[in-house]
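S.K.: mind folding the following:
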Amino acid sequence: MTAVRDAVTAVSAANPVVLIDGRSGAGKSSLARLLVAGWPGGAPVQLIALDSLYPGWDGLDEGVRAACETILLPHARGRVGVWRRWDWDAEAPAEAHAVDPSLPLVVEGAGLLTPQTAPLGDVRVWVQAPDASRRRRALDRDGDGYRPHWERWAAQERRHLERDRPVALATVVCDVP
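M.R.: Numbers count the residues shown, from 1 in each chain. This is a model prediction of the structure:
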C-alpha cells in the first residue's frame, strides 16, 4: 500500500489515474478502498470497480473495453466520461455515471492492464496472491453466486495474462498472502 501511495505522490498531478489489476480474489478492491481512504492530500477521489461494468460472466474483455472508451480516454482528454453500470440481476445496462476529469481516478478490476489502457494510467498496479488464497477470498466474499462461474472467469483471466502480460505493464507490484 505504501508503494502505491508513494507512486501517486510522485506523479505530482491534481488528477492522477491509478489502474489496479489482478486476478479474482487477489485484493484489488481492498487495496483500492485503502488507497482512496488514505489519498495523499485528502482530495476527493473517484473509485470505479470493473465489477460494475463487466456485462456478465463472459464479459471480462468487454468490461475493460468499455472502461477504456467511456472512462479512461475521456479522462485523459480532459472530458467528462459517462459509463453505464451493469445490472447483474437484470442482465442489462442500468443507470449512467459521470466521471469528472478534474478529479483523481482509481479504477480496479481483473483484466484492466492492457497495452491499450496502460498509457492512460499514471500509476499501474498489479496485485498478486496465491491461487488458494484468492479462491478462498473470492468465494467467501461472493459465495454460491460465484462458485459455478469460478473456472469460466479464471479462463478469461488466463487469456488476459497470456495476451496482455499485465505484470510487465505495472509500475507497482503488490504481493498479498
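S.K.: specify the beta-bridge partners of the residue nearest to the spatial centre of the chain.
M.R.: Nearest residue to the geometric centre of the chain (Cα atoms, centre = their mean): residue 108, 1.6 Å. Beta bridges link residue 108 to residue 20, residue 49 when assigned by DSSP bridges.
S.K.: wait, it touches residue 26, no?
M.R.: No: the pair residue 108 and residue 26 does not pass the contact test of Cβ atoms under 8 Å, sitting 10.2 Å apart. In short, each C-beta sits where N, CA and C put it, glycine included.
S.K.: now residue 127: closest residue in space, sequence neighbours ignored.
M.R.: residue 22 (3.4 Å; Cβ to Cβ, 6 or more residues apart in numbering).
S.K.: just say helix, strand or coil for the closest residue to residue 63 other than its chain neighbours.
M.R.: Excluding its sequence neighbours, the residue lying closest to residue 63 (Cβ to Cβ, 6+ apart) is residue 54, at 3.6 Å. Put simply, residue 54 is coil when judged by DSSP: H, G, I helix; E, B strand; the rest coil.
S.K.: ok, back up a step: ok, the residue nearest to the centre of the chain to residue 172 distance?
M.R.: 13 Å (Cβ to Cβ, to the nearest Å).
S.K.: which residues in the chain form helices?
M.R.: Read by DSSP state H, the chain holds these helices, from start to end of the chain: 2-11, 28-37, 60-67, 73-76, 131-142, 150-164, 166-169.
S.K.: these: lowest mean pLDDT?
M.R.: In terms of mean pLDDT, the lowest-scoring of these is helix 131-142 (a mean of 90).
S.K.: for that one, name the packing helices and strands.
M.R.: Judged by 3 or more Cβ pairs under 8 Å, 6 or more residues apart in numbering; DSSP states H and E, the packing partners of helix 131-142 are helix 150-164.
S.K.: residue 40 contacts residue 7, doesn't it?
M.R.: No: the criterion here is Cβ under 8 Å, and residue 40 misses it with residue 7 at 10.1 Å.
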